[in-house]
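In: Structure for the following, please:
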Amino acid sequence: MIASVVRVPWHTTHSGYDRLLDHLPEVRRITPPTRRLAQHAAQRAHRLLRRRCPLPFYPVEHCATDLALLAARGPAHVLYGDEQFYFSRHRHGPTAVTYHRPPAHLAALMPPAAWRDLAARADQIITLDPHQQAFFADLVPAERVHVVPHGIDTAAFTPADRTVTDRPLVLTVGWWLRDWKVLDAVHERLNRRHGAGIDLTVVTRQAHRHPWHPAARVLQGISEPALTTLYRQAAVLLLPLKDATANNALLEALACGTPVVATDVGGIRHYAGNTLAALLTPPGEPPAATEAVETILAEVGTPDHALRRTAARELAQTFAWPVVADQVRAIYRLLEQQ
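Out: Model prediction:
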(Lines give C-alpha, C1' and ligand atoms only; values in the text may rest on other atoms or scores of the structure.)
Protein backbone atom coordinates (compact mmCIF):
# COMPACT_ATOMS: atom_id res chain seq x y z
CA MET A 1 0.00 0.00 0.00
CA ILE A 2 1.19 3.50 -0.85
CA ALA A 3 -0.24 6.90 0.02
CA SER A 4 0.30 10.41 -1.31
CA VAL A 5 1.36 12.94 1.32
CA VAL A 6 1.68 16.70 1.01
CA ARG A 7 1.89 18.45 4.36
CA VAL A 8 -0.86 21.09 4.58
CA PRO A 9 1.04 24.24 5.62
CA TRP A 10 -1.57 25.74 7.95
CA HIS A 11 -1.89 22.65 10.15
CA THR A 12 0.11 22.37 13.35
CA THR A 13 2.63 19.58 13.89
CA HIS A 14 0.13 17.14 15.38
CA SER A 15 -2.86 18.25 13.33
CA GLY A 16 -4.07 17.41 9.85
CA TYR A 17 -5.22 14.28 8.04
CA ASP A 18 -1.71 13.12 7.11
CA ARG A 19 -1.17 12.26 10.79
CA LEU A 20 -3.19 9.16 9.91
CA LEU A 21 -0.08 7.60 8.36
CA ASP A 22 1.79 7.79 11.67
CA HIS A 23 -0.55 4.99 12.72
CA LEU A 24 -0.28 3.02 9.48
CA PRO A 25 3.43 2.12 9.46
CA GLU A 26 2.87 -0.49 6.74
CA VAL A 27 2.03 2.26 4.23
CA ARG A 28 4.78 3.68 2.03
CA ARG A 29 4.52 7.43 1.54
CA ILE A 30 4.75 9.28 -1.76
CA THR A 31 5.95 12.81 -1.06
CA PRO A 32 6.96 15.76 -3.26
CA PRO A 33 10.50 15.55 -4.70
CA THR A 34 13.36 16.98 -2.68
CA ARG A 35 16.25 16.65 -5.15
CA ARG A 36 16.86 19.67 -7.36
CA LEU A 37 16.59 17.93 -10.73
CA ALA A 38 13.37 16.19 -9.71
CA GLN A 39 11.95 19.50 -8.47
CA HIS A 40 12.75 21.18 -11.80
CA ALA A 41 11.08 18.32 -13.67
CA ALA A 42 8.01 18.66 -11.43
CA GLN A 43 7.87 22.39 -12.10
CA ARG A 44 7.99 21.84 -15.87
CA ALA A 45 5.24 19.22 -15.66
CA HIS A 46 3.15 21.55 -13.51
CA ARG A 47 3.44 24.38 -16.05
CA LEU A 48 2.23 22.05 -18.81
CA LEU A 49 -0.59 20.37 -16.89
CA ARG A 50 -1.95 22.99 -14.49
CA ARG A 51 -4.43 24.48 -16.97
CA ARG A 52 -5.89 21.05 -17.67
CA CYS A 53 -6.62 20.37 -13.99
CA PRO A 54 -9.87 21.83 -12.57
CA LEU A 55 -8.86 21.40 -8.93
CA PRO A 56 -8.66 24.89 -7.37
CA PHE A 57 -5.60 24.27 -5.19
CA TYR A 58 -3.08 22.36 -7.30
CA PRO A 59 0.45 23.67 -6.65
CA VAL A 60 3.54 21.95 -7.99
CA GLU A 61 3.82 19.69 -4.93
CA HIS A 62 0.35 18.29 -5.51
CA CYS A 63 1.00 17.84 -9.22
CA ALA A 64 4.18 15.90 -8.39
CA THR A 65 2.43 13.46 -6.07
CA ASP A 66 -0.48 13.14 -8.48
CA LEU A 67 1.90 12.10 -11.27
CA ALA A 68 3.89 9.82 -8.95
CA LEU A 69 0.68 7.99 -8.10
CA LEU A 70 -0.16 7.73 -11.78
CA ALA A 71 3.12 5.88 -12.35
CA ALA A 72 2.91 3.69 -9.23
CA ARG A 73 1.52 0.18 -9.21
CA GLY A 74 -0.46 -1.59 -6.53
CA PRO A 75 -3.08 -0.30 -4.08
CA ALA A 76 -2.90 3.39 -3.21
CA HIS A 77 -4.62 5.92 -0.97
CA VAL A 78 -4.92 9.57 -1.99
CA LEU A 79 -5.21 11.44 1.31
CA TYR A 80 -6.46 14.74 -0.15
CA GLY A 81 -8.58 13.90 -3.17
CA ASP A 82 -9.86 17.48 -3.43
CA GLU A 83 -6.32 18.60 -4.27
CA GLN A 84 -4.27 15.61 -5.47
CA PHE A 85 -6.47 13.18 -7.41
CA TYR A 86 -6.83 14.14 -11.03
CA PHE A 87 -4.27 12.79 -13.50
CA SER A 88 -3.74 9.78 -11.22
CA ARG A 89 -7.33 8.79 -12.02
CA HIS A 90 -5.79 7.00 -15.01
CA ARG A 91 -3.48 4.86 -12.86
CA HIS A 92 -3.39 1.08 -13.03
CA GLY A 93 -4.07 -0.26 -9.55
CA PRO A 94 -6.88 -0.03 -7.01
CA THR A 95 -7.23 3.38 -5.45
CA ALA A 96 -8.91 4.79 -2.35
CA VAL A 97 -9.51 8.54 -2.20
CA THR A 98 -10.41 10.68 0.82
CA TYR A 99 -12.30 13.93 0.25
CA HIS A 100 -12.44 16.80 2.73
CA ARG A 101 -14.60 19.62 1.35
CA PRO A 102 -18.33 19.94 2.08
CA PRO A 103 -20.66 18.76 -0.70
CA ALA A 104 -21.61 22.26 -1.86
CA HIS A 105 -17.94 23.13 -2.31
CA LEU A 106 -17.21 19.88 -4.09
CA ALA A 107 -20.11 20.47 -6.47
CA ALA A 108 -18.72 23.91 -7.30
CA LEU A 109 -15.38 22.48 -8.44
CA MET A 110 -16.66 20.66 -11.52
CA PRO A 111 -19.91 19.98 -13.40
CA PRO A 112 -21.80 16.76 -12.52
CA ALA A 113 -20.57 14.89 -15.60
CA ALA A 114 -16.94 15.57 -14.70
CA TRP A 115 -17.57 14.44 -11.12
CA ARG A 116 -19.15 11.21 -12.35
CA ASP A 117 -16.10 10.45 -14.44
CA LEU A 118 -13.63 11.31 -11.67
CA ALA A 119 -15.49 9.53 -8.86
CA ALA A 120 -15.87 6.41 -10.98
CA ARG A 121 -12.06 6.12 -11.20
CA ALA A 122 -11.78 5.68 -7.40
CA ASP A 123 -12.35 2.09 -6.31
CA GLN A 124 -13.19 3.18 -2.76
CA ILE A 125 -14.11 6.68 -1.55
CA ILE A 126 -13.59 7.74 2.04
CA THR A 127 -15.75 10.60 3.27
CA LEU A 128 -15.61 12.41 6.60
CA ASP A 129 -19.32 12.74 7.31
CA PRO A 130 -22.70 11.41 6.11
CA HIS A 131 -23.41 14.50 3.97
CA GLN A 132 -20.29 13.85 1.90
CA GLN A 133 -21.23 10.19 1.73
CA ALA A 134 -24.60 11.09 0.19
CA PHE A 135 -22.89 13.34 -2.38
CA PHE A 136 -20.65 10.54 -3.65
CA ALA A 137 -23.33 7.84 -3.35
CA ASP A 138 -25.17 9.75 -6.09
CA LEU A 139 -22.12 9.33 -8.34
CA VAL A 140 -20.96 5.75 -7.74
CA PRO A 141 -22.45 2.60 -6.17
CA ALA A 142 -23.12 3.27 -2.49
CA GLU A 143 -21.10 0.25 -1.34
CA ARG A 144 -17.95 1.99 -2.59
CA VAL A 145 -18.50 5.07 -0.40
CA HIS A 146 -17.55 4.95 3.28
CA VAL A 147 -17.68 7.31 6.25
CA VAL A 148 -14.44 7.17 8.21
CA PRO A 149 -14.04 10.13 10.57
CA HIS A 150 -11.12 12.50 10.75
CA GLY A 151 -8.89 11.71 13.70
CA ILE A 152 -7.19 13.63 16.46
CA ASP A 153 -3.88 13.13 18.26
CA THR A 154 -5.16 12.59 21.80
CA ALA A 155 -1.59 12.22 23.07
CA ALA A 156 -0.59 15.71 21.90
CA PHE A 157 -3.86 17.50 22.69
CA THR A 158 -4.62 16.67 26.29
CA PRO A 159 -6.45 18.26 29.24
CA ALA A 160 -4.62 19.87 32.11
CA ASP A 161 -5.56 21.00 35.57
CA ARG A 162 -7.46 24.21 35.02
CA THR A 163 -7.38 27.21 37.32
CA VAL A 164 -10.72 28.98 37.47
CA THR A 165 -10.31 32.73 37.00
CA ASP A 166 -12.71 35.64 37.21
CA ARG A 167 -12.01 36.39 33.52
CA PRO A 168 -13.09 33.31 31.54
CA LEU A 169 -11.61 32.73 28.08
CA VAL A 170 -13.93 32.39 25.09
CA LEU A 171 -11.66 31.03 22.36
CA THR A 172 -12.17 30.89 18.58
CA VAL A 173 -9.68 29.07 16.33
CA GLY A 174 -9.33 28.74 12.56
CA TRP A 175 -10.28 30.49 9.32
CA TRP A 176 -11.74 28.08 6.73
CA LEU A 177 -15.53 28.59 6.39
CA ARG A 178 -15.74 30.59 9.62
CA ASP A 179 -18.75 32.88 10.00
CA TRP A 180 -17.06 36.08 11.10
CA LYS A 181 -20.32 38.06 11.03
CA VAL A 182 -21.81 35.80 13.67
CA LEU A 183 -18.59 35.92 15.68
CA ASP A 184 -18.54 39.72 15.65
CA ALA A 185 -22.16 39.86 16.78
CA VAL A 186 -21.55 37.37 19.60
CA HIS A 187 -18.46 39.29 20.69
CA GLU A 188 -20.52 42.49 20.79
CA ARG A 189 -23.18 40.88 22.97
CA LEU A 190 -20.66 39.27 25.32
CA ASN A 191 -18.63 42.48 25.60
CA ARG A 192 -21.76 44.49 26.29
CA ARG A 193 -22.65 42.20 29.18
CA HIS A 194 -19.23 41.32 30.63
CA GLY A 195 -16.92 44.12 29.50
CA ALA A 196 -13.34 43.55 30.62
CA GLY A 197 -14.51 40.61 32.70
CA ILE A 198 -14.21 38.25 29.75
CA ASP A 199 -11.32 37.30 27.46
CA LEU A 200 -12.33 37.10 23.80
CA THR A 201 -9.44 35.53 21.87
CA VAL A 202 -9.27 34.56 18.19
CA VAL A 203 -6.45 32.47 16.68
CA THR A 204 -6.57 32.67 12.88
CA ARG A 205 -4.59 32.95 9.65
CA GLN A 206 -6.77 35.95 8.75
CA ALA A 207 -5.71 38.32 11.49
CA HIS A 208 -5.20 41.20 9.07
CA ARG A 209 -8.10 40.46 6.73
CA HIS A 210 -11.03 41.29 8.97
CA PRO A 211 -12.05 44.28 11.11
CA TRP A 212 -12.36 42.49 14.44
CA HIS A 213 -14.37 43.62 17.44
CA PRO A 214 -12.28 46.05 19.52
CA ALA A 215 -12.56 43.81 22.57
CA ALA A 216 -11.11 40.78 20.77
CA ARG A 217 -7.50 39.73 21.08
CA VAL A 218 -6.42 38.33 17.69
CA LEU A 219 -3.39 36.04 17.37
CA GLN A 220 -1.70 34.62 14.27
CA GLY A 221 1.25 32.30 13.81
CA ILE A 222 1.41 31.04 17.37
CA SER A 223 3.13 27.76 18.20
CA GLU A 224 1.31 24.49 18.77
CA PRO A 225 2.21 24.47 22.51
CA ALA A 226 0.80 28.00 22.84
CA LEU A 227 -2.38 26.95 21.03
CA THR A 228 -2.75 23.87 23.22
CA THR A 229 -2.38 26.05 26.32
CA LEU A 230 -5.19 28.28 25.07
CA TYR A 231 -7.45 25.28 24.48
CA ARG A 232 -6.77 24.07 28.02
CA GLN A 233 -7.41 27.50 29.53
CA ALA A 234 -10.60 28.19 27.59
CA ALA A 235 -13.96 27.96 29.28
CA VAL A 236 -15.49 27.32 25.86
CA LEU A 237 -14.51 27.10 22.20
CA LEU A 238 -16.81 29.27 20.09
CA LEU A 239 -16.93 27.95 16.54
CA PRO A 240 -19.29 29.88 14.22
CA LEU A 241 -19.31 28.16 10.84
CA LYS A 242 -20.78 28.56 7.38
CA ASP A 243 -20.23 24.91 6.49
CA ALA A 244 -18.03 22.00 7.52
CA THR A 245 -17.14 18.35 7.26
CA ALA A 246 -14.66 17.49 10.00
CA ASN A 247 -13.10 20.37 11.90
CA ASN A 248 -9.61 20.31 13.43
CA ALA A 249 -10.31 23.04 15.96
CA LEU A 250 -13.37 21.19 17.22
CA LEU A 251 -11.43 17.95 17.68
CA GLU A 252 -8.43 19.67 19.25
CA ALA A 253 -10.59 21.49 21.78
CA LEU A 254 -12.50 18.34 22.69
CA ALA A 255 -9.23 16.44 23.17
CA CYS A 256 -8.10 19.18 25.57
CA GLY A 257 -11.33 18.77 27.53
CA THR A 258 -12.84 22.06 26.38
CA PRO A 259 -16.59 22.24 25.73
CA VAL A 260 -17.67 23.66 22.40
CA VAL A 261 -20.37 25.93 21.03
CA ALA A 262 -20.55 25.33 17.28
CA THR A 263 -22.88 25.99 14.38
CA ASP A 264 -24.99 22.97 13.46
CA VAL A 265 -23.91 22.71 9.81
CA GLY A 266 -22.46 19.97 7.63
CA GLY A 267 -20.69 17.23 9.54
CA ILE A 268 -20.41 19.04 12.87
CA ARG A 269 -23.18 17.01 14.51
CA HIS A 270 -21.41 13.82 13.38
CA TYR A 271 -18.41 14.86 15.50
CA ALA A 272 -20.07 16.76 18.34
CA GLY A 273 -22.67 14.08 19.02
CA ASN A 274 -25.52 14.42 21.46
CA THR A 275 -23.38 14.83 24.54
CA LEU A 276 -22.56 17.43 27.15
CA ALA A 277 -19.36 18.16 25.21
CA ALA A 278 -20.99 20.57 22.75
CA LEU A 279 -23.93 22.87 22.27
CA LEU A 280 -24.98 23.29 18.64
CA THR A 281 -26.77 26.38 17.39
CA PRO A 282 -28.60 27.20 14.13
CA PRO A 283 -26.56 28.84 11.37
CA GLY A 284 -26.55 32.63 11.14
CA GLU A 285 -28.14 33.22 14.56
CA PRO A 286 -25.92 35.25 16.92
CA PRO A 287 -28.53 35.33 19.75
CA ALA A 288 -28.61 31.52 19.89
CA ALA A 289 -24.81 31.28 19.83
CA THR A 290 -24.53 33.93 22.55
CA GLU A 291 -27.06 32.13 24.74
CA ALA A 292 -25.16 28.85 24.37
CA VAL A 293 -21.88 30.51 25.34
CA GLU A 294 -23.54 32.15 28.34
CA THR A 295 -24.90 28.76 29.41
CA ILE A 296 -21.40 27.32 29.59
CA LEU A 297 -19.89 30.45 31.16
CA ALA A 298 -22.46 30.26 33.95
CA GLU A 299 -21.24 26.75 34.75
CA VAL A 300 -17.53 27.62 35.05
CA GLY A 301 -16.19 26.46 38.40
CA THR A 302 -19.13 24.13 39.02
CA PRO A 303 -19.48 20.33 38.73
CA ASP A 304 -21.58 20.90 35.60
CA HIS A 305 -18.61 22.42 33.78
CA ALA A 306 -16.38 19.59 34.98
CA LEU A 307 -18.87 17.12 33.54
CA ARG A 308 -18.75 18.91 30.19
CA ARG A 309 -14.96 18.79 30.19
CA THR A 310 -14.96 15.07 30.95
CA ALA A 311 -17.51 14.45 28.21
CA ALA A 312 -15.39 16.43 25.73
CA ARG A 313 -12.30 14.33 26.39
CA GLU A 314 -14.26 11.08 26.21
CA LEU A 315 -15.81 12.10 22.90
CA ALA A 316 -12.40 13.01 21.44
CA GLN A 317 -11.02 9.60 22.36
CA THR A 318 -13.54 7.96 20.01
CA PHE A 319 -11.76 9.84 17.20
CA ALA A 320 -8.20 8.99 18.30
CA TRP A 321 -5.97 8.20 15.34
CA PRO A 322 -5.39 4.52 16.27
CA VAL A 323 -9.17 4.01 16.22
CA VAL A 324 -9.50 5.75 12.87
CA ALA A 325 -6.49 3.90 11.42
CA ASP A 326 -8.18 0.56 12.10
CA GLN A 327 -11.22 1.74 10.15
CA VAL A 328 -9.02 2.82 7.24
CA ARG A 329 -7.31 -0.58 7.24
CA ALA A 330 -10.73 -2.12 6.60
CA ILE A 331 -10.93 -0.02 3.41
CA TYR A 332 -7.42 -1.13 2.43
CA ARG A 333 -8.51 -4.76 2.72
CA LEU A 334 -11.28 -4.02 0.23
CA LEU A 335 -8.69 -2.60 -2.17
CA GLU A 336 -6.51 -5.68 -1.85
CA GLN A 337 -9.45 -7.86 -2.84
CA GLN A 338 -9.88 -6.02 -6.13
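In: residue boundaries of the helices in the stretch 51-200 of the chain?
Out: For the stretch 51-200 of the chain, the helices defined by DSSP state H, counting those that start in this stretch occupy 60-71, 81-84, 103-109, 112-120, 130-137, 180-194.
In: which regions of the stretch 51-200 of the chain lie under the pLDDT threshold?
Out: Along the stretch 51-200 of the chain, the parts satisfying pLDDT under 70 run over 163-164.
In: how about the helices of the stretch 51-200 of the chain in TSV, adding mean neighbour count and distance to residue 288?
Out: Every C-beta, even on glycine, is put in place using the N, C-alpha and C of the backbone. Listed next are those as TSV, based on neighbours: other CB atoms under 10 Å; distance: least, CB to CB, whole Å:
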stretch	mean neighbour count	distance to residue 288
helix 60-71	21	39
helix 81-84	24	31
helix 103-109	15	22
helix 112-120	14	34
helix 130-137	20	21
helix 180-194	19	9
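In: could these go into CSV alongside distance to residue 312?
Out: Listed next are the helices of the stretch 51-200 of the chain as CSV, based on distance: least, CB to CB, whole Å:
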stretch, distance to residue 312
helix 60-71, 34
helix 81-84, 29
helix 103-109, 27
helix 112-120, 35
helix 130-137, 22
helix 180-194, 20
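In: Out of those helices, which is closest to residue 97?
Out: Nearest to residue 97 among the helices of the stretch 51-200 of the chain is helix 81-84; the distance by CB to CB comes to 3.8 Å.
In: Pull the distance from that closest one to the chain's centre.
Out: Centroid separation between helix 81-84 and its chain, computed with CA atoms, centre = their mean, to the nearest Å, is 14 Å.
In: I'd like to check what contacts it. Which residues are they?
Out: 4, 6, 55, 57-58, 62, 65-66, 69, 78, 97-101, 106, 109, 122, 125 (CB atoms under 8 Å, 6 or more residues apart in numbering).
In: Try it again at 10 Å.
Out: 4-6, 8, 30, 53, 55-59, 61-66, 68-69, 78, 88-89, 95-101, 105-106, 109, 118-119, 122, 125-127 (CB atoms under 10 Å, 6 or more residues apart in numbering).
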